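S.K.: What shape does this take:
(one chain, ligands or ions: 2)
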Amino acid sequence: MGKGTLIRALLERVPELELAVSATTRRPRAGETQDVDYHFLSDAEFERRVQAGGFVEWAEYSGRRYGTLRSELDDRLRSGRPVVLEIELQGARQVRQTVPAAVQVFIAPPTLETLRLRLVGRGTDSPEDVERRLQTAADELAAQEEFAYVVVNDRLEEAVGRLEAIVRENLSAGPAGTTLSS
Ligand SMILES: Nc1ncnc2c1ncn2[C@@H]1O[C@H](COP(=O)(O)OP(=O)(O)OP(=O)(O)O)[C@@H](O)[C@H]1O
Ligand SMILES: Nc1nc2c(ncn2[C@@H]2O[C@H](COP(=O)(O)O)[C@@H](O)[C@H]2O)c(=O)[nH]1
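M.R.: Numbering: from 1, shown residues only. Ligands and ions are numbered 1, 2, ... in the order given. The predicted structure is shown next:
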């Protein structure tokens, strides 16, 4: 629901925040770089790491697997460095159990129709995938009350401003992870 766009802007405004690069079995989109945007893994390699206990959380989304590797989180949390995760709902629920101090922010689209237009405009997903993502978004919206904060991603500058305020408020309260979910 626009988390990637918001996080890029957030990281520029709050440079001490570090992004945990997720692993996924989906194919890279044009312009995405291995180990920068994602750790792109084969199904077999992802499964091997699941079996080895290598993930803090993982989930299936739109027919692909996504997860946060322990190696992206453990050292940072141990040394008190603030880290941001960009994950979907099932993963956020897992993180709530394993990192209860994490600050969780739900990113909501202004409307599902706006989300549809944005996804179509991005031009990276098949019509079937856009429909699947919209259905998932509708399901996730029903769970937004589970989150400490909700930011509606309407006008980008305003949404980034609200996100920055939430992050700064919580950074001043002490080190903890921030989870962005939608
Ligand atoms: N506030 C906004 N106003 C206008 N367009 C936006 C806004 N936020 C995101 N977009 C556009 O919507 C499309 C999807 O956004 P983006 O690629 O950031 O989503 P994403 O990170 O894949 O979503 P998800 O939250 O599901 O992971 C992109 O084309 C992006 O430019
Ligand atoms: N549970 C997790 N979800 C993740 C992770 N990394 C990304 N995501 C979420 O997956 C969907 C689809 O992402 P896309 O890049 O294909 O658009 C989106 O909601 C991401 O936030 C993760 O490590 N764990």
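
S.K.: Okay, now the unreliable bits of the protein?
M.R.: By pLDDT under 70, the low-scoring segments of the chain are 174-180, 182.

S.K.: can you do 80?
M.R.: Within the chain, the segments meeting pLDDT under 80 span 1, 173-182.

S.K.: how far does whichever helix in it runs longest sit from the chain's center?
M.R.: The longest helix of the chain (DSSP state H) is helix 156-173. Relative to the centre of its chain, helix 156-173 is centred 16 Å away, using CA atoms, centre = their mean, to the nearest Å.

S.K.: for it, packing partners?
M.R.: helix 3-13, strand 103-108, strand 149-152, strand 178-181 (3 or more CB pairs under 8 Å, 6 or more residues apart in numbering; DSSP states H and E). Backbone N, C-alpha and C define where each C-beta goes, glycine included.

S.K.: Tell me which other helices or strands the very next helix or strand once past the first one touches.
M.R.: The reference is to helix 3-13. Heading C-terminal from helix 3-13, the first helix or strand you meet, by DSSP states H and E, is strand 18-19. Judged by 3+ CB pairs under 8 Å, 6+ apart, the packing partners of strand 18-19 are strand 83-87.

S.K.: relative to helix 3-13, how tilted is the strand it packs on?
M.R.: Computed with axes from the mean of the first three to the mean of the last three CA atoms, to 10 degrees, the direction of strand 83-87 lies at 170 degrees from that of helix 3-13.

S.K.: tell me which parts of the protein are close to ligand 2?
M.R.: 3, 22, 26, 57, 59, 61, 66-68, 86-88, 90-91 (CB under 6 Å from any ligand atom).

S.K.: Need the distance between the two termini of stretch 116-129.
M.R.: Criterion CA to CA, to the nearest Å; first-to-last residue distance in stretch 116-129 is 11 Å.

S.K.: Pull the residues that contact that stretch.
M.R.: Gly2, Arg29, Ala30, Ser62, Pro109, Val130, Arg133, Leu134 (CB atoms under 8 Å, 6 or more residues apart in numbering).

S.K.: List the buried residues for that stretch?
M.R.: Within stretch 116-129, the residues that count as buried by 16 or more other CB atoms under 10 Å are Arg116, Arg118, Leu119.

S.K.: what does stretch 1-19 give?
M.R.: Going by neighbour count (16+ other CB under 10 Å), the buried part of stretch 1-19 is Met1, Gly2, Lys3, Thr5, Leu6, Ile7, Ala9, Leu10, Val14, Leu17, Leu19.

S.K.: outside of that stretch, which residues touch it?
M.R.: 76, 81-84, 86, 107-109, 115, 118, 137, 140, 151, 153, 156, 159-160, 163-164, 167-168, 171, 178, 180-182.

S.K.: hmm, back to that, looking at the contacts of stretch 116-129, which are in helices?
M.R.: The members of these that map onto helices under DSSP H are Val130, Arg133, Leu134.
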